[in-house]
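# Show me the folded form of this:
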Amino acid sequence: MRNVSASTVCEGQRVMGDWRDKAACRDMDPDLFFPATRQEERLALKACSTCPSIRECARYAAEHARINGYPLQGVWGGINRSKGKNYRNNETEMWE
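A predicted model of the protein is given here:
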């Protein structure tokens, strides 16, 4: 089995800066960031709130609204992209 760094993008591209290697979520279960309940969502958002890479993560998500043709889902940069709701400042955002 090949070891893939957190800095490897789905399309096989490398993102400069390696912000994902510094992310608080790098060693967490990825399922946490695809919450099914409000409680699970709070846990994911709490992890984001302590992350030194939150801005880079949010920027990445904004620039990659679609990955492999599918809309970006889950919690990225403190925002649940599945809902388009930004819980950091309680503003609704539009995501295609």
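
# and C25, how many neighbours?
20 (other Cβ atoms under 10 Å). From N, CA and C alone the C-beta is placed, and that goes for glycine too.

# S49 - nearest residue in space that isn't next to it in sequence?
Leaving out its chain neighbours, the residue that sits closest to S49 by Cβ to Cβ, 6 or more residues apart in numbering is G78, at 6.6 Å.

# Quickly note the distance from that neighbour to N68.
Counting by Cβ to Cβ, to the nearest Å, the gap from G78 to N68 is 24 Å.

# neighbour count winner among those two?
Set G78 next to N68 and count neighbours by other Cβ under 10 Å: G78 wins out with 21 against 6.

# Show me what the biggest helix by length in the chain is packed against.
For the chain, the longest helix by residue count, based on DSSP state H, is helix 38-49. Counting contacts by 3 or more Cβ pairs under 8 Å, 6 or more residues apart in numbering; DSSP states H and E, helix 38-49 packs against strand 75-76, strand 79-80.

# Of those, which is nearest F34?
Closest to F34 of those is strand 75-76 (Cβ to Cβ; 7.6 Å).

# Packing partners of the closest one?
Using 3+ Cβ pairs under 8 Å, 6+ apart, strand 75-76 is in contact with helix 38-49, helix 54-63.

# Mind listing residues that contact it?
33-35, 41, 44-45, 48, 57-58, 60-61, 81 (Cβ atoms under 8 Å, 6 or more residues apart in numbering).

# Mind doing that once more with 6 Å?
Outside strand 75-76, the residues that touch it by Cβ atoms under 6 Å, 6 or more residues apart in numbering are 33, 44, 57, 61.

# The helices and strands packed on helix 38-49: lowest mean pLDDT?
Ranked on mean pLDDT, the bottom entry among the helices and strands packed on helix 38-49 is strand 79-80, at a mean of 92.
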